[in-house]
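K.L.:
Kindly generate the corresponding structure for this input.
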Amino acid sequence: MALAKQARPRETITLNDVFEAERGLVGLILADPATYGVMAQILRDEDWTHPLHRGVFEVAGALVAAGEAITLAAVLPRVADVGPDGTPAEAYLAARIAGAPAAS
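P.N.:
Numbering: from 1, shown residues only. Okay, here's the model as predicted:
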């Protein structure tokens, strides 16, 4: 009789893991706005843990609903002024855009 394989314990996801994922998704939304539609099918406004990240997602949704383009310039006046690392939101979000993976 064969023994069943032992299930590996599930890795714990930390708040830091969630935060890092949010950083990447925010950068991707701003670098490749077409990805917002895919994300909006999965995520909701309340799924975001950091206020700036949530704000970018909410504003992106409002821009799409209004038929406007999702751009950093359009988002900045409608979100928090300071990034989670204490830098101005513009610099923080520009760094997220620069670090976003290339659109496929």
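
K.L.:
Surely E22 and T49 touch.
P.N.:
Yes - E22 is within contact range of T49, at 6.5 Å (criterion: C-beta atoms under 8 Å). All C-beta atoms are positioned from the backbone trio N, CA, C, and that covers glycine.

K.L.:
With neighbour numbers in mind, choose between these two.
P.N.:
Taking neighbours as other C-beta atoms under 10 Å, E22 and T49 compare with E22 leading, 22 against 13.

K.L.:
which residues sit in contact with that one?
P.N.:
Taking C-beta atoms under 8 Å, 6 or more residues apart in numbering, we find E22 in contact with W48, T49, H50, H53.

K.L.:
and if we set it to 6 Å?
P.N.:
By C-beta atoms under 6 Å, 6 or more residues apart in numbering, the contact list for E22 reads W48, H53.

K.L.:
now do the one 5 residues further on
P.N.:
Residues in contact with G27 (C-beta under 6 Å, 6+ apart) are R96, I97, G99, A100.

K.L.:
Y36: which of those is nearest?
P.N.:
Y36 lies nearest to A100 out of the contacts of G27, by C-beta to C-beta, at 12.6 Å.

K.L.:
The closest one: how many residues sit nearby?
P.N.:
Other residues near A100 come to 19 when the count uses other C-beta under 10 Å.

K.L.:
Verify the stated contact: it with A31.
P.N.:
Yes - A100 lies in contact with A31 (C-beta atoms under 6 Å); the separation is 3.7 Å.

K.L.:
Kindly list the longest helix within the chain.
P.N.:
helix 15-31 (DSSP state H).
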